[in-house]
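Asker: Return atomic coordinates for the entry below.
(one chain, ligands or ions: 1)
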Amino acid sequence: MISKKLTKAINDQINAEMWSAYLYLSMAQDIYAKGFHGIAHWFKVQFLEEQAHAAIMINYLHSQDARVILAPIAKVQTEWDTVLAAFEDTLKHEKEVTAMINNLCDIADEDKDRAAANFLAWFIDEQVEEEKTASDLVNHCKMIGDHIGGMIMLDKELGARQYHTPAPLK
Ligand code: MG
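Answerer: Numbering: from 1, shown residues only. You can find the predicted model right below:
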């Protein structure tokens, strides 16, 4: 059975995932307004993924007969100076999420909760991917610099991103 401490921490994580979704939706709006509709689409897919992360955690608490309690979602930033700044904030944010997931794993370890540890392993892998993708995009943007042609190519490339339902929800 899941502990009260881990139940509370996963509820907090559900809120953090929903806040992440809101953050990326906000980035999508600013970047859309800047005229990069493909990059805005990439952030919209990111928004969908974060909502899926929250849904995966909700399903897990249900599987443990634990109560899900939804808290208010805090406000998010609405403007970024550049696309690079948005990607840099994405990387910074994903590192923070990784630390939160690691903390959930620590609680599962303290509890000797094997089911939770197994459940959380998917998120550990997911965070490795999230950080790598964000880091690649920061580097890519830095390489492009002020070349508008490069940004147009990146916009086209990121506009092709497709949303895939994460494995735990299939
Ligand atoms: Mg997430």
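Asker: Helix, strand, or coil at the residue most central in space within the chain?
Answerer: Geometric centre of the chain, nearest residue: residue 50, 4.7 Å, by C-alpha atoms, centre = their mean. With DSSP: H, G, I helix; E, B strand; the rest coil as the basis, residue 50 sits in helix.
Asker: Leaving out the residues flanking it, which one is nearest to it?
Answerer: residue 21 (3.6 Å; C-beta to C-beta, 6 or more residues apart in numbering). Where C-beta positions appear, they are placed from N, C-alpha and C, glycine not excepted.
Asker: which helices and strands sit right next to the helix or strand encompassing that neighbour?
Answerer: Remark: residue 21 resides in helix 4-33, with elements defined by DSSP states H and E. With contacts taken as 3 or more C-beta pairs under 8 Å, 6 or more residues apart in numbering; DSSP states H and E, helix 4-33 sits against helix 37-63, helix 83-111.
Asker: Got phi/psi on residue 69?
Answerer: Residue 69 adopts backbone torsions of phi -120, psi 120, taken as degrees, to the nearest 10.
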